[in-house]
Each structure stands twice: as C-alpha cells, then as structure tokens.
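S.K.: what would the 3D arrangement of this be:
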Amino acid sequence: MRTALLITAAIAATAPLSANLLTNGSFETVAAGCPSPGAGFYAVFPPPGIQCIPEWEVVSEDVHFVGTFWQAADGINSLDLDGNPGSSGGVRQSFATAPGHSYLLTFFMAGNPGNLPIIKPMRVSVDGQSTEFDFDTTGKSFTDMGWTQKNWSFVADDAISTLTFQSLTQERGLLQGWGPAIDNVTVTEVSTVVPEPGTTWLVLPCGLIVLLLRIYATEGLGQPLCSNSQAAGRHG
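M.R.: Numbering: from 1, shown residues only. Okay, the predicted model is just below:
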C-alpha cells in the first residue's frame, strides 16, 4: 500500500502540466455587439447567425446561451445545447493538435430540468471519433443542477482538430428545447506518443523512471530491472 502511494506521488510530482488548448471553455466571454445572458438566456443560431460565443460556432440548430438563470458549473455562463422549443443544436471549436498525440477532454455536464426528457443525451466527437453521454435530471433544479465532470480521451490525426458537442434529443425522438447542458470545457495533451501495448513505460519522463526504480529498490521489492545509469542511458 505504501509503495502504491509513493508511486502515485511520484507520478503526480513529475507529470507535466498541460495548458487548456481551448479558448472560452466556460463561455464567460461574450462577442462584441452581443448582450450578456445576464439573469436569463437567449438563442444563438448557426451561421449566418451572429456567433455571440467567441471561439465556438453553433452547428445544426440553435442553442441557448445561459447566464444566472440557473447555476453554472464554473463562472456564471453555460450552454443548453437545445435552444428554442423544437431545436436540437450543438457547438464546435477547432484547435491545434499533433497527429498521433493523445488528448484528454474534460467538461461538466448537466441538463435543463425545466421539462422532459428526464434523460438528456448528447454526442461528443473529434474528427471521426465519438462517444455519447446521458444526464439524468431527476431531483435536479435551476439552483441545484447537479453538474457532473465527464472525461474522454482521443488521439489526434491532424494538425487541427475540431471538437463538437451535439444534442441527441432530435435523433432519439425526444422532446426538444430542454436539452443537455455543458460548461467548463478543457482539452489537454496527455502524451506525446500513443504507446504500443506493453510499452507504456516508454512515454514516462526519464526522471520518473529513475524515481520509480529507486522506490522499487528501497521498498524491498527485489532487484530493479535495470540500474539508474541504464535507465538514464536508455532515455538519454
């Protein structure tokens, strides 16, 4: 148990911090000429409609840009991916990536508790890779939205990747206009290569490998697989 804690601490101490590759991930910035949602909300439509949420483009149908009408996960603004009644919209943002590198998407999800459906579905996609998320609004309210962190990893295949959030209320034949909500969206790089099975150690920092070898030896777990000098030579 002590060994596991030491290894966890070692990884936390040496893991590089990656900046958020997205801009305006909490939807706090409002485009010039557009009103702030304030204590309410308003619909933002796909182009040629004015894009009031900088760096994000509305796709398919309109979304609601929500202020303090309900509790946000971060800051004061968030999005309902279903805009006006009958709409099942989405948003997207493009950002720089490196082909073959692995990335982690983190965001907070809730659902508009003002009407059906109780389960709010949506799809997240990046350049041909996708996954779906559902949020259960049972017991939730505008003052207690129940924001939940979601995570999804993907591998970039181009120098520019596009992240898309799309409501699935229309696709699933559900009532539209009270949809899934998102806030506090981040994308960070988590590795510089995609390791082959059984070679995960190759993506670890040199210093971390040496530190893990020392923990292995000092904890009496047996003879290390290689010496510190061998580890340094392997990655030098």
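
S.K.: walk me through the domains of this structure.
M.R.: Following the assignment in automatic domain parsing, the chain carries domains at 2-11+205-235, 18-191.

S.K.: can you point out the buried residues in stretch 112-131?
M.R.: Within stretch 112-131, the residues scored as buried using 16 or more other C-beta atoms under 10 Å are N112, P113, P117, K120, P121, M122, R123, V124, S125, V126, D127. Just so you know, the C-beta spots here come from the backbone N, C-alpha and C atoms, and that holds for glycine as well.

S.K.: flag the least confident of these.
M.R.: Of all the buried residues of stretch 112-131, D127 carries the smallest pLDDT score, 89.

S.K.: so who does that residue touch?
M.R.: Contacts for D127 (C-beta atoms under 8 Å, 6 or more residues apart in numbering) come out as A156, D157, D158, S161, T162.

S.K.: now do 7 Å
M.R.: Counting by C-beta atoms under 7 Å, 6 or more residues apart in numbering, D127 makes contact with D157, D158, S161, T162.

S.K.: how much space is there between the last one and Q129?
M.R.: What it means is T162. Per C-beta to C-beta, to the nearest Å, T162 is found 11 Å from Q129.

S.K.: can you check the second one too?
M.R.: Here D158 is placed at a distance of 12 Å from Q129 (C-beta to C-beta).

S.K.: again, but for P117
M.R.: Separation of P117 from Q129 (C-beta to C-beta) stands at 26 Å.

S.K.: count the neighbours of the residue nearest to D158 when sequence neighbours are not counted for me.
M.R.: Using C-beta to C-beta, 6 or more residues apart in numbering and skipping the chain neighbours, the partner closest in space to D158 is P99 (6.0 Å). By other C-beta atoms under 10 Å, 10 other residues sit near P99.

S.K.: repeat that for A19.
M.R.: Residues contacting A19 under the criterion other C-beta under 10 Å number 9.

S.K.: can you pull the pLDDT of it?
M.R.: Per-residue confidence at A19 stands at 94 (pLDDT).

S.K.: then A4?
M.R.: Here the pLDDT value assigned to A4 is 45.

S.K.: picking that back up, between which two of the buried residues of stretch 112-131 is the distance greatest?
M.R.: Considering C-beta to C-beta, no two members of the buried residues of stretch 112-131 lie farther apart than P113 and D127, which are separated by 32.6 Å.

S.K.: all strands of the protein, in order?
M.R.: Ranges of strands in the chain, per DSSP state E, are 41-44, 57-59, 63-66, 78-80, 90-96, 102-111, 119-126, 129-136, 148-155, 160-167, 180-191.
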